[in-house]
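[1] Kindly return the folded structure for what I paste below:
(2 chains)
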Amino acid sequence: MKYTHLPQKQGLYDPRFEHDSCGVGFVCNIKGNKSHDIVKQGLEVLRRLAHRGATGADPDTGDGAGILIQFPHEFFVTVCVNEKISLPKAGEYASGLVFLPQDNLERKFCKEIFEKIINAEAQVFLGWRSVPVNNQDIGKSARDTQPQIEQVFIGCNKKIKDVLAFERKLYVIRKQVENIIRASRIKQKTSFYIPSLSSHTFIYKGLLMPHQVENFFPDLNSRIVKSALAMVHSRYSTNTFPTWDLSQPFRFIAHNGEINTLRGNINWMRSRESILQSELFGKDLKKIFPVIVPGGSDSATIDNVFELLVLSGRSLPHGISMLIPAAWEQNNLLSEKVRAFHKYHTCLIEPWDGPAAIAFTDGQSIGAVLDRNGLRPCRYIVTKKDFVVMASEVGVLDIAPGEIIYSGRLEPGKTFFIDTKAGRIIGDSQIKKELSEDKPYERWVKKNILELDGLADKTPKKDKTGALMQLKAFGYTREDLKTIIKPMAENAQEPIGSMGNDTPHAVLSAKPQLLFSYFKQLFAQVTNPAIDPIREELVMSLVSYLGPEMNILSDGQDHCHKLLISRPIFTDIEIEKIRKIKKNGFKTKTISLLFKVSESADFAKVLENIFQQAGRAIKQGYTFLILSDRGVNKDYAAIPSLLVVSALHHYLVRRSLRNQIGIILESGEPREVNHFALLFGYGVDCVNPYLAFRAVESLVIDKELAIDAGEARHNYIKAIDKGILKVLSKMGISTLQSYRGAQIFEAVGLSRGVIENYFSGTVSRVNGASLEAIAEETIMRHREAFPPRPLDTDHLNTGGVYQWKRDGEFHLWNPDSIAALQDAVRNNDPGKYQEFADLINDQSKNPTTLRSLLKLKTQDPVPLEEVEPVEEIVKRFATGAMSFGSISRSTHETIAIAMNRLKGKSNTGEGGEDPARFTPLPNGDSTRSAIKQVASGRFGVTTNYLVNADELQIKIAQGAKPGEGGQLPGHKVSAIIAKTRYTTPGVTLISPPPHHDIYSIEDLAQLIFDLKNVNPAARISVKLVSEIGVGTVAAGVAKGHADMILISGQDGGTGASPLSSIKHAGLPWELGISEAHQTLVLNDLRSRVRLQTDGQMRTGRDVAIAALLGAEEFGFCTAVLVALGCVMLRHCNLNNCSVGIATQDEILEKRFIGRPEYIINYFTFIANELRQIMSSLGMRKLEDMVGRVDLLELNRKILPWKAKEIDFSRILYKPQVPDSVITHYCRKQDHGIDKILDLKLIELSKPALEGSQSVEINQEIKNVNRATGAMLSGKVCKRFGESGLVEDTIKCNFKGVAGQSFGAFLAKGITFILEGMANDYVGKGISGGKIIIYPDRNANYNPDENIIIGNTTFYGAINGEAYIRGISGERFCIRNSGLNAVIEGVGDHACEYMTGGRVVVLGATGRNFAAGMSGGIAYCLDERGDFRKKCNMEMVALEKINPSDAQTIKNLLANHYKYTQSLKAKEILCDFHRYVNIFVKVMPLEYKRILDETKATKKLVLGEYTDG
Amino acid sequence: MGDVKGFLKVKRQAGAYRPVCERVKDFGEVNLLRSESQSKEQSSRCMDCGTPFCHSGCPIGNYIPEWNDLVFHNQWEKAFSLLRATNNLPEITGRICPVPCEFACVLGINDDPVTIRENELGIIEHAFKNGIVKPRIPKKRTGKKIAVVGSGPAGLACADQLNSAGHSVVVFERDDAIGGILRYGIPEFKLEKKIIERRIRILEKEGIKFKTRVNMGFDYKVNELEDEFDAVCLACGSRVPRDLHIEGRNLSGIHFAMDYLIQSNKRIKGEKIPADKLLDAKNKRVVVIGGGDTGADCVGVAHRQGASCVIQIEIMPKPPGCRTKDYPWPKYPLLLKFSTSHEEGGERDWSVLTKKFIGAGEKVKKLSCVRVEFKKDIQGCPLMREVAGSEFEIETDLAILALGFLHPDKKGIIDELKLDLDQKGNVKTGNNFMTSKKGVFACGDMRRGQSLIVWAISEGRKAAYHIDRYLMGWSMLPQL
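    Residues are numbered from 1 along each chain as shown, chains lettered A, B, ... in the order given. Next up, the predicted model:
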């Protein structure tokens, strides 16, 4: 393969969806003393972050690495002597690397342009230096694509006195050169790139692995290259296409993370360009447009904007806090001034939302900021020698413990800043204080921001048309009222449903669809985490600031001349307030969205007319537009609201006018969460869903609701608000302001024209309905409401989307297909199976799935006997991840028995497995599930569970609710479920939306590594859900060494999910599996990894198509349940399954009649059907079918009217790759577990492992030693089972800085003692072991003020003990099931989702303590008396310490002192009577109730603390 | 769903009947109307399934879970509105439908199904009682005239639908009163005729014209019909009875069930029957040949007329008491049924083949029978074999042939219009219910062959949709 840049968009691969995530760090001398050592140390940091980067198919080609240093003037002077370039004094000239085309002519062209522009800008071109490079040890693909690297020198025009002015000039030069070359016709223009151009900083970077940087650039080894700071970056891209330009650092920043709201941010920036003005730039400003270089990564894009802010005069901390503000909205710990500062800037620019640790520098100051969620690790150490090292990990430089003054971490939303000129570190509070006092923000904000809630109420006009007619006109159904609106109005909750989606795609449906239904929500997976909008509400915000925007390069009170809207759904009264607003120069124009039905509906014309009206309104100085479809009647229909909103938004963005006006929609159309999410996602500011309110009202009038209309409306709005937050959070976005216009959707079945004209930038991969079709659908709906001959009906249409109904939407699972399948498997009747398969496969009358539109091309057949046998085929079948808990024990075990008989694989689902099932039954059957799932809740994920698996499946997302967590309410947690989940019966179990040890792709690689260590025999799989970009994610996962990747379709089943997620989130597997296959093939990663797909698989034909699209394994779920007796009640969430499947009710479970034979019969039928197909395709082995898209074609004949333009060419695309690239799985991953520290520990532990004898081991440890203890623990459990060894049998004394996942899954009998520090994920899944960590004996800082372990520690701890003498990062003891821990201080979100165990905190805590904590007890020493403010009180109460608590604390402290010599513990123990009153007991309410019920057992538990 | 746990809390309480000792003495309805609170309680058992098999099993697709839920919540008016949307004669089906829905009820898989029919009856009777059932006169008339021939359930449903779409409908009935098989084929004790009257009054108020005693093709010329109306819908039923061609068939005292039932109904209405035409079971030994529902109706009538003994025989073996493999859920199973008439006495016998009638003079006195058994041949087809030595005789004065119906009567309109027939002799139509004659449609038993009332309603509704489309180009009427 040879690419000079990312490959072009091809097939389903789209380079836009590349992600990166990385290691970032810097070193710095606070006093600004330059030295070559700093450069060396920077490079050392880079090397030690290597494991955070990645390699692709070519092991020597990294994803990119680089270093930014201060301008090495002395060095340049020396080298330029040889180059015959005479350099002026330091600061009077600039330089930068330039990546140039290899082609001589093209290179010459680029250089000439460069020189021309330098001259044109009146600066002095000094010369080019050919930068020496040594590409001996870099990878082949890096070498193949290596640009010519030269260095340009530019002298400063003498007239420029100000250094920053010179920097601005350089920027103007660079931007112009870039624009010209980008617009040129040269072939290798993508090779052209200017990493930096400055007189302050210099960047060396390339498509390198971290250790290659210094060899590649011999410059860096010169002792005269000196700097007082060095910022480094090691990139982990999801994908391996070599791109030299995307390496980091960029000119000002190095970024670890990603920007989720990028599309919106880019559009808003584009809108802003028309009003940008800068005195500093003057007329030059026009030359730099576009501010954002097209096609850059998210990191490159934010660098573009940050650069502009800094060069136009904002300080580094100011600029960065505009882009990445803290979560200030609900933080009452902040001062009013600081809040005003943030509020003011929110009026200027929306947050760039997403996980981010960003290091930034201008060559003089250096700093870092962490996003509001703190989703990236960032640790730093300050030494006595004025030295600071900051990196994603601690331990990246060897620093003598005695030298350390302070060991800290960057906290969520906070900035760490070093001014080398002033020679000091400036803390976050100081920075914010200075910034907030810089201008009278508080006064400005108070005076200028108008609050909507403060305006006087206005009464709206009454509607003339009857509610029923209006509801009909907007396509409301009885189901909408009953299933969607009613639950929201009743409980303020989004409606919940179960099982999957089996209805047609909007474009295929025979029923007229709302335009909303063509869009699917996207969601975060792997490369960034989803957020928990309930438990971590403090980072979320729905606030909007409406009104024209001002120039972001200047400041003034007019900038915050805005209307503050606290939530985006307007009541009828609220929209009336806006309509009549006459304050602060605000005025509102209403534009009607109605069109005359009798005329031909030319939507393009209707839209154009609306655009014109909007344009005029802006000219006339209107500040708000109301787009209204009120007044629909028999002559006038409404144009779809989403179409207008998006079309107008894009129209105004293109004209850079969008920021000039607030757009409010007044529409009868939106009613569901997804509708609102779409409207905001496509740019509307606020919505008044007047008809939804009428629907709510009619429910009250009809006595369907037992509350008054006001309350019902309030509930409805609240439900929508919550739902929107959920949609935001599943993408990892925290604020509505950044979500607005971010277009986080994919369209399925909309034509290219519609997308390009009205939804620009939205992905739509199969083409589809045209604008005419959309118009026709609108008219169809209208005609139904206002027919020429109205029938006297008093009810709405049926709906039938969420339930099958005869006159409703088509469902593939319908009474006929369900009955046929059950009949077939019970009587082992092939004829009946055929009947079933025909009902599913032949969708010519009711096209439902994408695959139904495909047909197989006939080939020369092979005799059926030559096709591989059923027994071989069924080994590739797996059943879905349904937990014991979501389904009954009988069902779970029946499935396991069947799959074990077939040698296929069943899946535990999330929720552990009873260890009794690991032993086969007397008759030879086994109820052990081959696949053990590891999900975000980590329930029952013990070391023993992990070692008893053939496959360990990391569930990143689930088809029915990608990006969301789950919750098993306490009343469903029976004794047996609690036992398998290692929790307390009756206590609610919450699965968080993200895995808290996977915030990025390198984190996933780490978890894969952890699990592989515990059980090297198991293959590790990663479950993803289909969406655009899943291919690049899959590539990243393959690079993270997963053995198998499962791509689930959106339509898969669920025990309980919000209906909007079941219907509208994620995409079908046909798109996902082909994208993943294509991208992996393009990357030459396909041969390393197996692909599986699932999601409403039912027949042999489904399997055949999945294989031809690229899958080699297949998952079934709903169909298996139907075979076992499920009749699609869709009541799984009610624990009320009448056929005993999805229930824990003993009486109902007795009704279960399923048998393993039914599944065996079913899978045999499928395999036989598949064999027939294989025979007809001339395929003997399934392996040969993988990725053979050439055997598929679109069946044009059956396309329904709306779908005539459907185009599958991208799904059926076959990437052009050399023959050497193998396109199916054939070789094993190298997991790198053959040279790890545990091998040595295992060797030394032989006496223990073989004879249970005690051993003690002393060992040095470094940050590159990761997952230490995991493999050893796996061995212990494999040999001794869950009970492990006697306490302290294997005792390991470590010294140094431990890498990630220290003591992960530590088994019973192993004790880890670490003198030093540790990184993230200490003790994850600890299963009985003991971990003791204290600072190096030589360290002389205060342990209770310094950080010693990283983020997300003891995540999913099962049980064991931990004594930590120091402070942890965020999320200490998250989702703890039974660990007893003592620590001296914790970051934010400690004890989140905890369900058991005891935690004692002897120092300060962060915010949001105990969020979602349903069990266990925490004792916090509240010396500052502010604990209550930091505790999330949703589920816990704060209590006084009782005598038995006191005993518990005392015992744990005694241990803590004994093991760590903690002075704090000693002090407390010595004066316990006084201290005991300072402790606060954090007691989950539910847990308390249950403990009170079972007091007797409580005593027993406490007894354990007394020994030791 | 009323109560998620309802089906676990409440047991099925099927509808109650008047005590046997009381009801056999008159022809009053045996069915007792359930109280509203009972309906409410029973409806709580409905699970509002994600895939409502009842709604699928019901030929007219009643929105069963929806109205069950509404009943539970005391939303009777809304329940009625939804019931009315799919069913033109709920007061009829609510009384005598053999409930394919209940056999498809998901709860029936492992428990007793929901009492769907009684819930339906509860809704419609509540609606009548509270004046919710009101004539709905179409606001606009299309000016199109349609003739519906036959006033049985298919004809009434079709007429109702077409009228609601704004057409002017005339229903022709050859008998002296409206209702077809409802009126004269079903005994009073199962369906009191005032129930039909009540419906007809509403239909009349809505604008439908009814013309009785018009035997199409005889009293009314077919070409007149075609001239006068824009479309014609035939819903004349399938009335040609299957005969029993055995020795002694021409003896007196052997009658077709329908003749017997019709006369009985007419007598109850007060019609005087000449003595020589009188069919009365009083003090007679009655044998009903044929084990179906019509046979059962005859048993009930015979008891009420004071028969000295009644026996009902059937050639097929005794059906099983519960589902067999051949009829897995949710199929409508072949099961041993106990109608109210069977509760009232008499004997039943199965696997009985009639050999000949033996008379004393012209009058029938005995029926000679033999037992049969069924075995499957190699292809799996059942083979009937007489059991040697099992011959026996039944003494009888009145033998009633309830052997089902063959096809519609060809004489009259079918012949006149020269309509194509299918292999079974029913009127052949396209998918759009139009016969071989343009503008002439057919529905009900006449088209489909002998079937359930609920199927007749379904047929009438579908035909109405197609007629509306035929006349207007498009239709808002439901297609199902």
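
[2] Quick one: residues contacting the residue of chain A found nearest chain B.
    Of all residues in chain A, residue A:1130 sits closest to chain B, at 2.7 Å by C-beta to the nearest C-beta. For glycine as for every other residue, the C-beta is placed from the backbone atoms N, C-alpha and C. Neighbour list for residue A:1130: A:497, A:498, A:499, A:802, A:803, B:49, B:50, B:51 [criterion: C-beta atoms under 8 Å, 6 or more residues apart in numbering or on different chains].

[3] so what's the second one closest to, chain neighbours aside?
    With C-beta to C-beta, 6 or more residues apart in numbering or on different chains as the measure, residue A:1132 is the residue that lies nearest to residue A:498, at 3.7 Å, once sequence neighbours are left out.

[4] so that neighbour sits right up against residue A:1057, yeah?
    No - at 9.8 Å, residue A:1132 does not count as touching residue A:1057 under the criterion of C-beta atoms under 8 Å.

[5] As CSV, the contacts of residue A:1130 with pLDDT, distance to residue A:678 and secondary structure would be great.
    Shown next, in CSV, are the contacts of residue A:1130 (pLDDT from 0 to 100; distance: C-beta to C-beta, whole Å; DSSP: H, G, I helix; E, B strand; the rest coil):
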residue, pLDDT, distance to residue A:678, secondary structure
A:497, 91, 20, strand
A:498, 92, 24, coil
A:499, 92, 24, coil
A:802, 96, 19, coil
A:803, 96, 24, coil
B:49, 96, 31, coil
B:50, 96, 26, coil
B:51, 97, 29, coil
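
[6] Highest neighbour count among those residues?
    In terms of neighbours by other C-beta atoms under 10 Å in any protein chain shown, the contacts of residue A:1130 top out with residue A:499 at 30 neighbours.

[7] Now do the contacts for residue A:885.
    Residue A:885 neighbours (C-beta under 8 Å, 6+ apart): A:909, A:911, A:968, A:972, A:977, A:980, A:981, A:1144.

[8] Look at the residue nearest to residue A:498 and say how many residues are nearby.
    26.

[9] got the contact list for it?
    A:498, A:499, A:886, A:1054, A:1055, A:1056, A:1142.

[10] Residue A:302: helix or strand, and which one exactly?
    Using DSSP states H and E, residue A:302 maps to helix A:298-311.

[11] Also residue A:411?
    Going by DSSP H and E, residue A:411 is not part of any helix or strand.

[12] ok, now residue B:176?
    Going by DSSP H and E, residue B:176 is not in any helix or strand.

[13] Also the one 3 residues further on?
    Element membership for residue B:179 (DSSP H and E) is empty, with no helix or strand holding it.

[14] Would you quantify the distance from it to residue B:256?
    Per C-beta to C-beta, to the nearest Å, residue B:179 is found 19 Å from residue B:256.

[15] Equivalent analysis for residue A:1442, please.
    90 Å.

[16] Please say which of those two ends up with more neighbours.
    residue B:256 (21 against 11).

[17] Doesn't residue A:595 belong to a strand?
    Yes - per DSSP: H, G, I helix; E, B strand; the rest coil, residue A:595 lies within a strand segment.

[18] For chain A, what's its nearest residue on the stretch 151-300 of chain B.
    Going by C-beta to the nearest C-beta, chain A is nearest to residue B:166 of the stretch 151-300 of chain B, at 5.3 Å.

[19] Return the backbone torsion pair for that residue.
    Note on residue B:166: backbone dihedrals following degrees, to the nearest 10 are phi 100, psi 0.

[20] That one: neighbouring residues, count only.
    For residue B:166, the neighbour count with other C-beta under 10 Å is 21.

[21] List the contacts of it.
    Listed by C-beta under 8 Å, 6+ apart, the contact set of residue B:166 reads A:789, B:138, B:140, B:141, B:142, B:144.

[22] Can I get those residues in a markdown table including distance to residue A:533?
    Converted to a markdown table, those look like this (distance: C-beta to C-beta, whole Å):
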| residue | distance to residue A:533 |
| --- | --- |
| A:789 | 49 |
| B:138 | 52 |
| B:140 | 52 |
| B:141 | 57 |
| B:142 | 55 |
| B:144 | 59 |
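
[23] Any idea how far the strand or helix carrying residue A:1446 is from the middle of the chain?
    Assigned by DSSP H and E, residue A:1446 belongs to helix A:1443-1460. Distance, stretch centre to chain centre, for helix A:1443-1460: 40 Å (C-alpha atoms, centre = their mean, to the nearest Å).

[24] Over to stretch A:700-707?
    With C-alpha atoms, centre = their mean, you get 40 Å for stretch A:700-707.

[25] ditto for stretch A:400-410
    Between the centre of stretch A:400-410 and the centre of its chain there are 32 Å (C-alpha atoms, centre = their mean).

[26] For it, measure first residue to last.
    22 Å (C-alpha to C-alpha, to the nearest Å).

[27] just stretch A:45-61 next, same as before
    End-to-end distance of stretch A:45-61 (C-alpha to C-alpha): 19 Å.

[28] try stretch B:371-386
    Note: stretch B:371-386 ends 6 Å apart using C-alpha to C-alpha.

[29] That stretch close to chain A?
    No - with C-beta under 8 Å from any C-beta of the partner chain as the criterion, chain A is not reached by stretch B:371-386; the gap is at least 12.7 Å.

[30] ok, and what's touching that stretch?
    The contact list for stretch B:371-386 (C-beta under 8 Å, 6+ apart) reads B:315, B:316, B:317, B:351, B:352, B:353, B:370, B:387, B:390, B:392.

[31] Not counting its neighbours along the chain, what's nearest the last one?
    In this structure, residue B:392 finds its nearest non-sequential neighbour in residue B:369, 5.7 Å apart by C-beta to C-beta, 6+ apart.

[32] pretty sure that neighbour contacts residue B:313?
    Yes - using C-beta under 8 Å, residue B:369 is in contact with residue B:313, at 7.0 Å.

[33] Spit out the residues that contact these two alike.
    By C-beta under 8 Å, 6+ apart, the residues touching both residue B:369 and residue B:313 are B:352, B:354, B:394.

[34] Out of the residues you listed, the closest to chain A would be?
    Ranked by distance to chain A (C-beta to the nearest C-beta), these are led by residue B:352 at 31.8 Å.

[35] Help me confirm that that closest one comes into contact with residue B:312.
    No - contact criterion C-beta under 8 Å: residue B:352 and residue B:312 do not qualify, at 9.8 Å.

[36] that older thread, next secondary structure after the helix holding residue A:1446?
    The C-terminal neighbour of helix A:1443-1460 among helices and strands, as given by DSSP H and E, is helix A:1463-1470.

[37] Determine the set of other helices and strands touching that next one.
    Here helix A:1463-1470 touches helix A:1443-1460, going by 3 or more C-beta pairs under 8 Å, 6 or more residues apart in numbering or on different chains; DSSP states H and E.

[38] ok, and the most crowded of the shared contacts of residue B:369 and residue B:313?
    Greatest neighbour count in those, by other C-beta under 10 Å, goes to residue B:352: 24 neighbours.

[39] Which strand residues bridge that residue?
    Residue B:352 forms beta bridges with residue B:371, as assigned by DSSP bridges.
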